[in-house]
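*Asks:* Mind folding the following:
(one chain, ligands or ions: 1)
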Amino acid sequence: EPSHEIFYYGDFPNTFAWGTTSSAYQIEGGWNEDGKGVSIWDEFTHKLQSQISDGSSGNAACDSYHRIDQDIKIIKELRGISVGYYRFSLSWPRIIPTGEINDGINQPGVDYYNNLIDELLANNIQPMVTLYHWDLPQALQDKYEGWLDQSGIIVKAFADYTDFCFKTYGDRVKFWITFNEPFITAQLGYGVAAFAPGHYSPGEGVYYAAHSIIKSHAQAYHIYNNTYRESQKGQIGITLNTNWVEPMTTTDLDHIEASQRSLAFSTGWFAEPIFNSGDYPDVMIWNVGNRSEYYNITYDRLPKFTEEEKELNKGTSDFFGLNHYTSNLIVPCSYYPEEGPTYDSDQEACGDGCAEWPPSASSWLYQVPWGIRKLLIWIKRTYGDPVIYITENGISEHFSDGLDDDIRVNYYKNYIDEVLKAIKEDDVNVKGYTAWSLMDNFEWAEGYSERFGLHWVNFTDPERTRIPKKSASYYRSLAGSGTYVRP
Ligand SMILES: O=S(=O)(O)CCCN1CCN(CCO[C@@H]2O[C@H](CO)[C@@H](O)[C@H](O)[C@H]2O)CC1
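*Replies:* As a prediction, the model looks like this:
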């Protein structure tokens, strides 16, 4: 049961990896500069502008492509006395414009990341590199339907891309993440089409995209493990986004079972093959099969792994990368308008107002600090007590809000204290925490209308000056000392 003490206090381990994080499409800009290829997010924001709440794009974003020095400066200032980490992602089309390495690489793009990595290390900041944070080369979508491809071409293209990155940067990068939140790519990109590439197939495409992503992840892991790990001595894993869930009524068995299915269809979908059995969760196989019968569908909407592929999937992550923002109350699904993980799982998060949790500027994000502690305990128990890095955690405020972001100070104060309880009281093996995000940036379908940064960015100022918010000095005091002091 959670500790009754509101704040736990005490020290994080002095080796704890404190840091901040960003992603290529959300901060870089330079969308077509120096030979960079088009990504599916360039295409999506240019051709489906109405899908973005403020009609904006990442064409310029924070202009980080031209401002390595400014980014290093604010990361360094955040570090305090602890060893600093900076998690960022590589833009596949900036390095390999068409996505297929035989078409050639883009040296200026390769060098942008060489310079960033060198500057980070010169300032004693460790790079944590995400290989895929949603910006697929558009050419792969046009030629092969992107992640829907089941012929193995997309798996091979990703393998060649990751092999090139390990070879080029692996002498200095010792922490690799293959995919950021594959659930979002599959469900929002190829399921409900809310995100790039905007492919609508909630009952089938969503599962085929996830299938290729899992195989691509496993392939990248084995390339690193077999070819680079011995000489480079780094680690490689995957980052999954997980909301904690509670049954709407804790005494209602239907609600309890619905919340279990929710975890299986969001996290288990990827964590079961990678951390446990090599295959999808039983409840997914069962429910999608049954729901298919319900729709008189005779073929497998949930693709099958061969026995060999299951063996290749198993144990392919050195750590559990966790992105966590919020929690949901779950009720059994009351209608079946279409197939897809939301409805195949017979559950849904109850809407606004079903709990008195404080909101944020994001419709999906409520402040539920104790949820992260329960989630960490659940991961510990469900996936074999893995090493866990919290690779994202944060909250949004509205565009118009200023630098006094008390909402973010309180969010971090409460959430990070729950992480400390999980470490100290529940013996969960959390090794690091990188806050989302270093600075305000392009928040996908919400454009610049929701701000997640520790630093404020003026997106109408050509200089894109980064200004620390109140939360930046709070986070420096906490991460800098690693000591959780009584508020
Ligand atoms: O209600 S809808 O379904 O129509 C749109 C839901 C939008 N989702 C909510 C969950 N979020 C997961 C965390 O996403 C992460 O967190 C950050 C904040 O979102 C992002 O900026 C990061 O890039 C991402 O890694 C991804 C975006």
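
*Asks:* Every contact and neighbour count from this point should use C-alpha atoms.
*Replies:* Fine.

*Asks:* Tell me which residues touch the closest residue to L375 other than its chain neighbours, please.
*Replies:* Nearest non-adjacent residue to L375, counting by CA to CA, 6 or more residues apart in numbering: W244, 5.5 Å away. The contact partners of W244, by CA atoms under 8 Å, 6 or more residues apart in numbering, come to 263, 326-328, 371-372, 374-375.

*Asks:* L116 too?
*Replies:* L116 makes contact with I68, according to CA under 8 Å, 6+ apart.

*Asks:* just R172 next, same as before
*Replies:* Taking CA under 8 Å, 6+ apart, we find R172 in contact with I117.

*Asks:* Is it correct that it falls within a strand?
*Replies:* No - using DSSP: H, G, I helix; E, B strand; the rest coil, the assignment for R172 is coil, not a strand.

*Asks:* What score does P247 have for pLDDT?
*Replies:* Turning to P247, the model gives it a pLDDT of 89.

*Asks:* Quick check: it touching R261?
*Replies:* No - in this structure P247 lies outside contact range of R261 using CA atoms under 8 Å: 10.7 Å.

*Asks:* Same drill for those two, tell me which one is more crowded.
*Replies:* A side-by-side neighbour count of P247 and R261, using other CA atoms under 10 Å, places R261 first with 26 against 23.

*Asks:* that older thread, just grab the bridge partners of the residue nearest to L375 for me.
*Replies:* Per DSSP bridges, the residues bridged to W244 are S327.

*Asks:* what are the ranges of the helices in the stretch 251-400 of the chain?
*Replies:* 253-263, 269-271, 282-294, 307-313, 341-344, 369-382 (DSSP state H, counting those that start in this stretch).

*Asks:* re earlier: which one of the contacts of W244 is nearest to E443?
*Replies:* Closest approach between those and E443, by CA to CA: T326, at 16.5 Å.

*Asks:* show me what contacts the closest one?
*Replies:* Counting by CA under 8 Å, 6+ apart, T326 touches 243-244, 364-369, 371-372.

*Asks:* Make a PyMOL selection of the buried ones in those.
*Replies:* Buried residues among the contacts of T326 (16 or more other CA atoms under 10 Å), as a PyMOL selection:
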select buried, resi 243+244+365+366+367+368+369+371+372
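
*Asks:* I'd like the contacts of T326 as a markdown table, with pLDDT and distance to W134 appended.
*Replies:* A markdown table is the format used below for the contacts of T326 (pLDDT from 0 to 100; distance: CA to CA, whole Å):
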| residue | pLDDT | distance to W134 |
| --- | --- | --- |
| N243 | 95 | 19 |
| W244 | 96 | 23 |
| W364 | 93 | 19 |
| L365 | 95 | 20 |
| Y366 | 94 | 24 |
| Q367 | 95 | 26 |
| V368 | 95 | 27 |
| P369 | 95 | 27 |
| G371 | 96 | 26 |
| I372 | 98 | 24 |
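
*Asks:* ok, now which ones touch the residue nearest to P468 when sequence neighbours are not counted?
*Replies:* Nearest non-adjacent residue to P468, counting by CA to CA, 6+ apart: H455, 4.3 Å away. By CA under 8 Å, 6+ apart, the contact list for H455 reads 438-440, 466-469, 472.

*Asks:* Apply 10 Å and report the result again.
*Replies:* Contacts for H455 were tallied using CA atoms under 10 Å, 6 or more residues apart in numbering; they are 74, 403, 437-441, 465-472.

*Asks:* Give me the buried entries from those residues.
*Replies:* Counted by 16+ other CA under 10 Å, the contacts of H455 give 74, 437-441, 465-472 as buried.

*Asks:* In strands only, show me these.
*Replies:* Mapping the buried ones among the contacts of H455 onto strands (DSSP state E) picks out 466-468.

*Asks:* Distance check, the residue nearest to L375 against I372.
*Replies:* As judged by CA to CA, to the nearest Å, W244 and I372 stand 7 Å apart.

*Asks:* Are there residues contacting both of the two? Which ones?
*Replies:* By CA under 10 Å, 6+ apart, the residues touching both W244 and I372 are 324-327, 378.

*Asks:* Filter those down to the buried ones.
*Replies:* 324-327.

*Asks:* Could you export these to JSON lines, including columns for pLDDT and distance to T298?
*Replies:* Listed next are the buried ones among the shared contacts of W244 and I372 as JSON lines, based on pLDDT from 0 to 100; distance: CA to CA, whole Å:
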{"residue": "H324", "pLDDT": "98", "distance to T298": "37"}
{"residue": "Y325", "pLDDT": "97", "distance to T298": "38"}
{"residue": "T326", "pLDDT": "96", "distance to T298": "37"}
{"residue": "S327", "pLDDT": "95", "distance to T298": "36"}
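
*Asks:* which of the residues you listed lies closest to D149?
*Replies:* Nearest to D149 among those, with distances taken as CA to CA, is H324, at 29.2 Å.

*Asks:* burial measure for F88, as a count.
*Replies:* 20.

*Asks:* elements contacting the host helix or strand of it?
*Replies:* Element membership for F88 (DSSP states H and E) is strand 84-89. Secondary-structure packing of strand 84-89 (3 or more CA pairs under 10 Å, 6 or more residues apart in numbering; DSSP states H and E): strand 17-21, helix 24-27, helix 68-79, helix 107-122, strand 125-132, strand 175-180, strand 430-436.

*Asks:* Determine which stretch of the ones you listed is the most buried.
*Replies:* Of all the helices and strands packed on strand 84-89, strand 17-21 has the most neighbours on average by mean count of other CA atoms under 10 Å, namely a mean of 27.

*Asks:* just checking, what packs against it?
*Replies:* Right, strand 17-21 is packed against helix 68-79, strand 84-89, strand 125-132, strand 388-392, strand 430-436, helix 470-481 by 3+ CA pairs under 10 Å, 6+ apart.

*Asks:* please redo it, this time with the cut-off set to 6 Å
*Replies:* strand 84-89, strand 430-436 (3 or more CA pairs under 6 Å, 6 or more residues apart in numbering; DSSP states H and E).

*Asks:* So for it, mean pLDDT?
*Replies:* Strand 17-21 comes out at a mean pLDDT of 93.

*Asks:* what's the answer for stretch 384-402, then?
*Replies:* Stretch 384-402 shows a mean pLDDT of 93.

*Asks:* Next, the buried residues of it.
*Replies:* 385-397.

*Asks:* ditto for stretch 132-147
*Replies:* In stretch 132-147, counting by 16+ other CA under 10 Å, buried: 132-141, 145-147.

*Asks:* Now intersect those with the strands, please.
*Replies:* Mapping the buried residues of stretch 132-147 onto strands (DSSP E) picks out Y132.

*Asks:* can you put the buried residues of stretch 132-147 in CSV and add distance to A17 and pLDDT?
*Replies:* Below are these laid out as CSV (distance: CA to CA, whole Å; pLDDT from 0 to 100):
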residue, distance to A17, pLDDT
Y132, 21, 99
H133, 21, 98
W134, 25, 98
D135, 26, 98
L136, 29, 98
P137, 31, 98
Q138, 35, 98
A139, 37, 98
L140, 35, 98
Q141, 36, 98
E145, 38, 98
G146, 34, 98
W147, 32, 98
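
*Asks:* Nice, that's everything, thank you.
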